[in-house]
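Novice: here is a sequence together with a model predicted from it:
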Amino acid sequence: MSPASRNGVLSGEFFMLGDIACAEGAICAGCRFFAGYPITPATEVAQRMSERLPLVGGIYIQMEDEMASMNAVLGASWAGVKAMTATSGPGFSLMMENLGLGVMMETPCVLVNVQRGGPSTGLPTLVGQGDMMQARWGSHGDYAIIALSPSSPQELFDLTIHAFNLSETYRAPVLVMTDAEVGHMTEKVVIPPVEEIEVIGRRKPTVPPEEYLPYRVEPGELVPPMAVAGEGYRIHTTGLTHDERGYPATADDTAQWPLVQRLVDKIEKNKDKIIMLEEDGLDDAEVAVVSYGIAARTAIWPVQMARQEGIRVGMLRLVTVWPFPDEEIRDLAGRVEGIVVPEINLGQIVREVERCAAGRTEVLSVPHPGGGIHDPQAVLRAIRRAAGRKAEA
Amino acid sequence: MERLEIRLSGFGGQGIVRSGEIIGKAAVLYDGRYATFTQSYGPESRGGAAAAQVAIANDPVELSYPHVIDPSILVVMSQGAYNKYVPGFRRDGLLIVDESLVELDEAADGVEVLGIPATRIAEELGRRIVANVVMLGFLAAVTDIVSPEALRKAVLDSVPKGTEELNARAFEVGFEYGEGVKRETSYDT
Amino acid sequence: MELKTDGYRLDRTLETHAEAEGLRGEIHGRHPMDDLLRTDRLPHIWCPGCGLGTALTCFLSALLRSGLDLDKVAVVSGIGCTGRVAGYVRLDSFHTTHGRAIPFATGLKLGNPELKVVVFSGDGDLVTIGGNHFIHAARRNMDMTVICVNNFNYGMTGGQAGATTPVGGITTTSPYGNYEYPFSISALAAASGAVYVARWTVLHARRLERSIVEALLKPGFSLVEVIAPCPTGFGRRNRLRQGLDAMHYYHEHGVIQHGADPVKTDIELEGPVIEGKFVDGEKPTFLEQYRRQLDRLRGA
Ligand SMILES: Cc1ncc(C[n+]2csc(CCOP(=O)(O)OP(=O)(O)O)c2C)c(N)n1
Ligand code: SF4
């Protein structure tokens, strides 16, 4: 480990485990609080944070469970500190309750899910992407969420920083939906010099306490500035439906409409700024592979093989999975003869693709129940089918 | 596909996983190439067997499939690992064994085998746990997965402080032994 | 219904409420505690005869007496009638989810160690659904004061049994009498490592207030258990129909026993209520332990 700069950034080139890259990304983003509970394959994130945070003026705490971890993260954020937790399936389920609290209180924070095979205890050490719908809908009630999906340790590093920036910009919990393959893979990771890392801070109120309404947005805006504990604003916030003062307003739907609609709109109406996609060879494609995370990465070979066979196939990688790029998929569906969706679950994001394609093109799922990555041949066969080629024996 | 795959295997506590990481690190940080290192986790890695896989390439796209599928080099440092990996190992591959711990049988028929008594050498150096570094020195001599210089550097910046000298010696002894074996095998042919 | 962008605003809340507050001031006159209360949220939701008003008043006067900088005091509550306290105090205040006030407070305190963090919540919230968080915060000697109002049932949801309901207690989910053994909250805290543990009924308001002051000024995990009537949920089913009946009961059955062995503080139906200061010890807090480790690290 080369000496860290004053703000804790370990700039340089490394051969680094994905989970460790995630922790380093958090530190670069200014994260100074981590609360977690050990779980494979996310444990190394916690271990690294326990080693690094005390050295950069932060605090690591191992909580008694994941409900506690999620709450401690929210608490720390309300004390003005950038905070994160990392877990996997079983812990992710326990975090759902208070992910909702984070959404409702509009609390910036980052939650990393290093996905493994499920359901239940499932396959603790082996990969899965089965929590993608849980990421979107796992907490009760209506809300919108941002979820990112990295394909390599480098991207896990980059996207962890980005997740913090998004969470501060939109005052919302942001999910990094990685997986056991990426988290437990060691590859080259470049940590740039501090001055090249973009770090976004929290928007603070500019009015004095007597004029501050913690949940009032200015016309044309969707995200209220945030005062935190100890600044003299004497704020109140609650998980109940609340008015602009943050006070419960539960007698009828007067406050529910504007509040819930805004919680959703602040993400949905900023889709163009939030969504990141990576395109390759789509311009003249007859077939498109739409995928994310490790499944998108393992689809690169089959795409290349299909091109060698003369199939014009391109790839759309969802770096941001939520909010979903409806328009881009709709547009793509109008241009190609088939869309192939490999993912390490039995068909989750493919439903979104089907919804957006709305019958305009054939959508083929390439499922995998978890525990391994796709056989490139399986993806290749689906590409051939989508292109109308006869499956080879 | 321009990629090279290597699997290292043995039992827990031998530093197998660490060795895999060192090879990857050598390729990435000192040879300027790309590498993906994966290890076996979970019950498989508890106490008993240990395995590490490294894929190395000049273009990261070649590493888009991160798992080692059909390694051309297999390093075996326990009989258990031998029994597990050798029968399925490709016949045109290179099998490298720790002769102090592994006995060959018909499972290795037709495969090129190079051996080094890495564990015995390590014991002679005073610390059994540097057997993996002896093995890395040997690998540096008899294969060209990474440059010997790169591997030497990667070993030195991966070992605990205060053990650099011992590890450097272990690496050199393994390397010399490998150079000797290389000379011998070229006389043979 | 299509919402215009301006539809996100509940227009004029600030103005409307300033108006309402002014009106209330005219009607009721001002109260010395008003500065500590979000008067624009009154009247509160609590039933007549409920012990929560007294518990809150004791807390607020204790706060004033403690001399703490009120801009640095944060109150965290869970869910329940007691949990509503966070919404009434004019302090940085957080109304979280059921059972999770303590871990939220843990993050808040560690995020800004300058804050004095107070958890104010009910027995169901803190030691039933939140029991695990409670014992672990005590074990860590986490720097916070927990005020737990014990009314022997779940008031908010209509008087169900919980982990504090005495054997034989009638509740809406133990209609034939509760047959589970309850926790003594004070014993639980003491056994888990709390450095300060006291219990008072709301009848002993002065003593309660004094204990809260002590707890607020005590570094580490301090617990004040407040025994309070819930006439609506528990009282009327257990021969304490009015709040006043409970007060008589506390008067007759309250036994002040400072330094009592917390293990012997179980509360039985129609038995004595042992109260007093049970634990007042010294032990480095979580943050002190953390700082010691930092010093060791820096020294090394
Ligand atoms: C997860 C969850 N489960 C159940 C509830 C419903 N609920 C609200 S308050 C409460 C009990 C509160 O009891 P207590 O903490 O003793 O407070 P009191 O109302 O008696 O002051 C329950 C069960 C909830 N809000 N959340
Ligand atoms: S239900 Fe019980 S605890 Fe709740 S306000 Fe009424 S009397 Fe108080």
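Specialist: That came in fine, so what should we check first? Just so we're clear, the structure is a prediction, and the values are computed from it rather than from any experiment. Numbers count the residues shown, from 1 in each chain, chains lettered A, B, ... in the order given. Ligands and ions are numbered 1, 2, ... in the order given.

Novice: helices along the chain, start to end?
Specialist: I'll assume chain A. Here chain A has its helices, by DSSP state H, at A:18-29, A:43-52, A:66-78, A:89-105, A:132-137, A:153-170, A:180-183, A:256-268, A:271-274, A:293-298, A:300-308, A:326-333, A:349-357, A:376-386.

Novice: you looked at the wrong chain, it should be chain C
Specialist: With helices called from DSSP H, chain C shows them at C:13-28, C:52-66, C:85-88, C:101-111, C:123, C:131-140, C:185-192, C:205-217, C:243-253, C:286-299.

Novice: related to what we said a few turns ago, what's the closest of the helices of chain A to C:Phe94?
Specialist: Counting by Cβ to Cβ, C:Phe94 lies closest to helix A:66-78 out of the helices of chain A; the figure is 6.5 Å. To be clear about C-beta, it is placed using only N, CA and C from the backbone, and glycine gets the same treatment.

Novice: sorry, back to before: could you dump the helices of chain A to TSV with mean neighbour count?
Specialist: TSV is the format used below for these (neighbours: other Cβ atoms under 10 Å in any protein chain shown):
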stretch	mean neighbour count
helix A:18-29	28
helix A:43-52	22
helix A:66-78	31
helix A:89-105	23
helix A:132-137	20
helix A:153-170	25
helix A:180-183	30
helix A:256-268	19
helix A:271-274	14
helix A:293-298	26
helix A:300-308	20
helix A:326-333	18
helix A:349-357	21
helix A:376-386	21
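
Novice: and the helices of chain C, which one is worst for confidence?
Specialist: Per-stretch mean pLDDT for those is lowest at helix C:13-28 (a mean of 52).

Novice: is it possible to export the helices of chain A to JSON lines including mean pLDDT?
Specialist: Listed next are the helices of chain A as JSON lines, based on pLDDT from 0 to 100:
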{"stretch": "helix A:18-29", "mean pLDDT": "98"}
{"stretch": "helix A:43-52", "mean pLDDT": "97"}
{"stretch": "helix A:66-78", "mean pLDDT": "98"}
{"stretch": "helix A:89-105", "mean pLDDT": "98"}
{"stretch": "helix A:132-137", "mean pLDDT": "98"}
{"stretch": "helix A:153-170", "mean pLDDT": "98"}
{"stretch": "helix A:180-183", "mean pLDDT": "98"}
{"stretch": "helix A:256-268", "mean pLDDT": "97"}
{"stretch": "helix A:271-274", "mean pLDDT": "98"}
{"stretch": "helix A:293-298", "mean pLDDT": "98"}
{"stretch": "helix A:300-308", "mean pLDDT": "97"}
{"stretch": "helix A:326-333", "mean pLDDT": "98"}
{"stretch": "helix A:349-357", "mean pLDDT": "98"}
{"stretch": "helix A:376-386", "mean pLDDT": "98"}
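
Novice: near ligand 2, which residues of chain C are found?
Specialist: Counting by Cβ under 6 Å from any ligand atom, chain C comes close to ligand 2 at C:46-47, C:50, C:52, C:81, C:151, C:155-156, C:230-233.

Novice: ChimeraX command for the buried members of the residues you listed?
Specialist: Only the buried entries of these go into this ChimeraX selection, using 16 or more other Cβ atoms under 10 Å in any protein chain shown:
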select /C:46,47,50,52,81,151,155,156,230,231,232,233
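
Novice: A:Val112: which of the residues of chain C next to ligand 2 is nearest?
Specialist: A:Val112 lies nearest to C:Met156 out of those, by Cβ to Cβ, at 34.4 Å.
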